[in-house]
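Enquirer: quick one: sequence plus predicted model below, questions after.
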Amino acid sequence: MPVSLGELAERFGCELIGDPDVSITTVGTLGSAGSDALSFLASDAFKEQLPSTKAAAVVLQPDDASGAPCPVLVSDNPYAMYARMASAICPAPIYAPGIHESAVVAASATVAPSAHVAAHAVIEDGVTIGENSYIGPGVVVGTDCTVGNDCRVLANATLVRSVTTGDRCIFHPGCVIGSDGFGNAMTSEGWLKVPQLGGVRIGSDVEIGACTTVDCGAIDDTVICDGVRIDNLVQIAHNVHVGEHTAMAAGVGISGSTRIGKRCMFAGHSGTVGHIEICDDVVLLGKAVATKNITRPGAYAAMLPAEEARTWNRRVASLRRLDKLQNRVSELEKKSK
Amino acid sequence: MPVSLGELAERFGCELIGDPDVSITTVGTLGSAGSDALSFLASDAFKEQLPSTKAAAVVLQPDDASGAPCPVLVSDNPYAMYARMASAICPAPIYAPGIHESAVVAASATVAPSAHVAAHAVIEDGVTIGENSYIGPGVVVGTDCTVGNDCRVLANATLVRSVTTGDRCIFHPGCVIGSDGFGNAMTSEGWLKVPQLGGVRIGSDVEIGACTTVDCGAIDDTVICDGVRIDNLVQIAHNVHVGEHTAMAAGVGISGSTRIGKRCMFAGHSGTVGHIEICDDVVLLGKAVATKNITRPGAYAAMLPAEEARTWNRRVASLRRLDKLQNRVSELEKKSK
Amino acid sequence: MPVSLGELAERFGCELIGDPDVSITTVGTLGSAGSDALSFLASDAFKEQLPSTKAAAVVLQPDDASGAPCPVLVSDNPYAMYARMASAICPAPIYAPGIHESAVVAASATVAPSAHVAAHAVIEDGVTIGENSYIGPGVVVGTDCTVGNDCRVLANATLVRSVTTGDRCIFHPGCVIGSDGFGNAMTSEGWLKVPQLGGVRIGSDVEIGACTTVDCGAIDDTVICDGVRIDNLVQIAHNVHVGEHTAMAAGVGISGSTRIGKRCMFAGHSGTVGHIEICDDVVLLGKAVATKNITRPGAYAAMLPAEEARTWNRRVASLRRLDKLQNRVSELEKKSK
């Protein structure tokens, strides 16, 4: 759907410098955008591409406006402004209301008339699907789940049981929400399964990545608050609480009963041990594992970056001689007294 | 199904201190249990919640009995005793025998009359499904698999091919058992796929987590022994052997042909390289990777805990100067002679 | 299908030492092969098993030929030669052309007449499936995907949208290709989703493991080149480029916009941060994370191997005293001047 720069500027409250009649039909990167595409500049790393861009227009910060060879849309947060405009230019697909004839919907389930249930989806007993929500092909929405309005549960995702979501949530393909927590009691005959009886409560505007797993609570619920963003292949164990607007990159693992604050950011493959608390506004850098409560906002780290293997092997050897080195220094100190 | 404390005590062989006629209809944590709920105390961390609990009764150790404001069920292993009682109070759902009309079952497959095959499940050639087993919606049980009795293969799980299980196993949603191992031979034209021809043999009472992958053997089988518990997002490569009652938390990765003993415990994101042996009763702590045989039971570790990034960066810098520090100390030693 | 040693030798251009009429019907390891099985010796670790093998014949290097108690097939690359022969002896299943009656195929999709679409597969609008390709049970091939010839998309895998593949690719069960990248813009109201509009371009002879996720590009495509091999539970973020014949073991994570060269090898749980470049022929060892460009081929490492927890705890303590140790050495140096 073509849209003019003037319309974009007006609709999103953005200053336009340049011809308002230029027509936009798609988006593009500074390097690859054509003459019908909107682009953006949100990081200094791409600044050098600005002067030679072939884009129809660029969303950028006031300071960068003079460097563009084309019309610009000026915003203090060009990445967010681009996101809004891109959603208008390339809107998400709209699904016609209705239940595909191959879908299996339990008699006791309630599917809003405006919802779309795709081929081979399975909706079990006691489920509610809200207005305008999309249940993708192969999705299973298990017993007693409630999906809010305007949600998208994408292909082959599974809401296992007793999962409740707010509105506008997205569940990416292959994710599993509400699987049993890893509760096992040791006995003389081996492990005994501890029944996992809680549910999962998910707020609004939550996005959960492909093949990510969120376990149900053991007794009380696992809780994911409003605005949380979780990437692919993340594990959220039973009874974890994730605070509003916290974001977790791929491969993160959060152990059971840990309580995570608001606006935290977990980088790839980071995580926490169980039964601890992480306060608001904590950033865990890549692969770092929090092993105790964190009570002070800020960045936490624990990763040693990759080095050439030869160099690395020397470091490991040095580290293993560190005890001895301490002793040698103590000896020298004694002598020098 | 309400049950009285007296019935619970008798059925599970547990000492009851208090009114045997109190009726239990659910379970709860010490903090959230209501007057119809059974709770438990199995960790000192929750002891302070005992005096104020509103639970109908608490399962606990003899030493803790006097601190409860309610009837108590006394056990030396209160967590396991609670697990047994919770299974009786809140039993797992029972599925009516039969094959859903939308399921596709190969003519050459044998499904026990007492088994339940849910909507859109696919049962391929040569498969056997045992008595009382549950095959969930969207599950694929591939060619020549044998599922034992009383098993549960949950939504969208895949048993790829030639997977054999014992009884009472649980496969959580999205797990993939029997996928090809990562066998590639290097040639001058690039990687050549090495056929993965073995199967997966799984014992009884095994539980495998959501989105966990267990590869088939290259020639011989991959083997998971009785009582093994595997959490979500774990990778078990081809020809791995996991001994009885070993437990693995989320994110663990076991490389090919590694042989793991009995009663081992692998914490989150730990793992092993390939072609090694881990003896019985080994505990691998979080993120630790065993890089050679472990022949002595005990705990093994390798994780540096997260610290404030500033502190951490200083440590990394120190570590990188360690070589030089060694040299400086050697210099000093020479001088001091 | 039984085949004689003479036929194998001739077909694969391999020297045979021994009786050409010996009949082979299966394959086996040196330790478990029976008298109708072909085995191979490709690693010194198994050399001691050669003299006592019961195999009908063994594929091995010239130097090892004299140690075998049976006919041998001599090759400079016995693992690759075994792979070729095993594919002939135990061929992959052949699926009859056709679309299962329970599959749902959009009217606008094109499925080659020789392709097989299994039970409960879903093929959406604008999809093309090439000659002889196999679409497994429960698979979803989303809008505008193009699957090449001779591909296998296995059970419950999902190609989300705008995924294009070359020929002879294999997608293992549960993998998700083309899911949204993790693009979020921070605003004063929380995270704003950045539309993920690119696709995924996959070359020929690519294999992608079970429960692995490959995100679509944000604007341009994510690219996986010819001959790439990716194991299970790997994350490839948006706009990553993976060069020809690169291999990644289970648990690897590649962050957004990173460009990886040809013939690289990533060991288990290794990875990279985003927006960097890794040159050709780089080996990242287990758990190592590349945090900046790598411009020199070779091996890179960062993992501290697991040690007994007691020993490890001492190392951590030493590391934490390293700052002080530096100071103590500086003190001593001052004194010694």
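Expert: Yep, that arrived. Keep in mind the model is a prediction, meaning the values are calculated, not measured.
Enquirer: what's next to stretch A:144-152, contact-wise?
Expert: Taking contacts as CB atoms under 8 Å, 6 or more residues apart in numbering or on different chains, the residues outside stretch A:144-152 that touch it are A:112, A:124-136, A:141, A:153, A:159, A:161-171, A:178, A:199, A:204. (Glycine included, C-beta is placed from N, CA and C.)
Enquirer: quick check: end-to-end length of it?
Expert: In stretch A:144-152, first residue to last residue: 18 Å (CA to CA, to the nearest Å).
Enquirer: what do you get for stretch A:116-130?
Expert: 10 Å.
Enquirer: so which residues of chain A form helices?
Expert: Taking DSSP state H, the helices of chain A run over residues A:5-12, A:78-89, A:309-320, A:322-336.
Enquirer: most tightly surrounded among the ones you listed?
Expert: Ranked by mean neighbour count, the helices of chain A are led by helix A:78-89 with a mean of 22 (mean count of other CB atoms under 10 Å in any protein chain shown).
Enquirer: put the alpha carbons of that one into CSV.
Expert: As requested, the backbone C-alpha atoms of helix A:78-89 are provided in CSV (Å, rounded to 0.1, in the frame of the first residue of the first chain):
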residue,chain,number,x,y,z
PRO,A,78,14.5,7.0,14.7
TYR,A,79,14.5,3.2,15.3
ALA,A,80,11.1,3.3,17.0
MET,A,81,9.8,5.8,14.4
TYR,A,82,11.0,3.5,11.6
ALA,A,83,9.3,0.6,13.4
ARG,A,84,5.9,2.4,13.4
MET,A,85,6.2,3.5,9.8
ALA,A,86,7.3,0.1,8.6
SER,A,87,4.3,-1.5,10.3
ALA,A,88,2.1,0.9,8.3
ILE,A,89,4.0,0.4,5.0
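Enquirer: now that helix: average pLDDT?
Expert: Here helix A:78-89 scores 97 as its mean pLDDT.
Enquirer: so does it get close to chain C?
Expert: Yes - applying CB under 8 Å from any CB of the partner chain, one finds helix A:78-89 in contact with chain C at A:Y79, A:A80, A:Y82, A:A83, A:R84, A:A86, A:S87.
Enquirer: so who does the fourth one touch?
Expert: With CB under 8 Å, 6+ apart as the criterion, the residues that contact A:A83 are C:G183, C:A185, C:L192, C:K193, C:V194, C:P195.
Enquirer: I'd guessed A:V105 sits against A:V117; true?
Expert: Yes - contact criterion CB atoms under 8 Å: A:V105 and A:V117 qualify, at 6.6 Å.
Enquirer: these two: who's more crowded?
Expert: For A:V105 versus A:V117, neighbours defined as other CB atoms under 10 Å in any protein chain shown are more numerous around A:V117 (28 against 20).
Enquirer: for that one, name its beta-bridge partners.
Expert: When bridges are assigned using DSSP bridges, the partners listed for A:V117 are A:I99, A:I135.
Enquirer: residue contacts, it?
Expert: With CB under 8 Å, 6+ apart as the criterion, the residues that contact A:V117 are A:G98, A:I99, A:H100, A:A103, A:V105, A:V111, A:I123, A:I129, A:I135.
Enquirer: please report how far it lies from A:I208.
Expert: Using CB to CB, to the nearest Å, one gets 19 Å for the distance from A:V117 to A:I208.
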